[in-house]
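[1] output the structure for:
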Amino acid sequence: MAIRRICKYGEKILEKRTRKVSFADIKKDLPALLEDMFETMDAVGGVGLAANQIGLDLRLAAIKIKRDDAEPLSIVIINPEIVEKSGSLYEDEGCLSFPGLFAKIRRAAKVRVRALNEKGLPIEINAEGLFAKALQHEMDHLDGVVFISRLPLMSRLKLKPALMKLKARWKKIDESKMKPEAL
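    Sure thing, here's the model as predicted:
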């Protein structure tokens with residue numbers, strides 16, 4: 001299908017809580033959208049992608065985790081909610097909306113999530129480690145929360161100069177991809 005443009009830090013859609021999805025309303029367009037989302041993730045080496053990261057105000061995300069000796073674990077979550085969490089992880093985390101930026105973030109080590117899958121069926125996911133971290137990260141996106149918001153204030157302030165440089169670089173890259181307007 002198509003690789004989609006990923007919204008970057010500073011774009012308003014990343015700060016907005018996404019709207020709940022009516023499966024019946026998106027059912028027809030969902031297969032093509034999910035194909036685009038997985039293709040986009042594959043193209044940039046991502047683990048997860050929330051709909052608002054590609055400019056869509058929809059409460060859905062796709063996650064694809066590579067496993068050593070098995071097929072990748074690919075999952076779609078629609079209208080997800082965390083129903084249980086436990087333990088703690090404090091690990092480096094990155095984000096497709098912040099290319100090149102990584103920071104240590106505290107997350108729950110285990111989560112239980114309820115959602116609809118790509119067929120509109122209710123699912124319950126028990127996850128730990130990277131899978132739990134990816135679920136929490138993408139669900140944060142759906143709530144309009146970017147991963148650096150999880151950092152302590154002093155850490156965010158220290159990142160400010162780096163973020164401004166990255167933001168300027170992303171703007172230049174995005175502008176270079178734009179086509180000149182027809183007269």
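[2] can you show me the strands along the protein?
    Along the chain, the segments classed as strands by DSSP state E run 48-50, 60-67, 70-86, 89-94, 102-107, 110-116, 122-128.
[3] would you turn these into a markdown table with mean neighbour count and distance to Met37?
    For the C-beta atoms, the positions are set from N, CA and C on the backbone; glycine is no exception. Listed next are the strands of the chain as a markdown table, based on neighbours: other C-beta atoms under 10 Å; distance: least, C-beta to C-beta, whole Å:
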| stretch | mean neighbour count | distance to Met37 |
| --- | --- | --- |
| strand 48-50 | 26 | 5 |
| strand 60-67 | 20 | 4 |
| strand 70-86 | 15 | 8 |
| strand 89-94 | 15 | 18 |
| strand 102-107 | 16 | 22 |
| strand 110-116 | 19 | 15 |
| strand 122-128 | 15 | 18 |
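[4] to Leu153, which of the ones you listed lies closest?
    Nearest to Leu153, of all these, is strand 102-107, at 13.3 Å by C-beta to C-beta.
[5] quick check: mean pLDDT of the closest one?
    For strand 102-107, mean pLDDT rounds to 94.
[6] what of stretch 41-61?
    97.
[7] now do stretch 7-15
    For stretch 7-15, the mean confidence score works out to 92.
[8] so which bits of it are buried?
    7-9, 11, 13-14 (16 or more other C-beta atoms under 10 Å).
[9] again with stretch 17-26
    Under 16+ other C-beta under 10 Å, the buried positions of stretch 17-26 are 18, 21, 23, 26.
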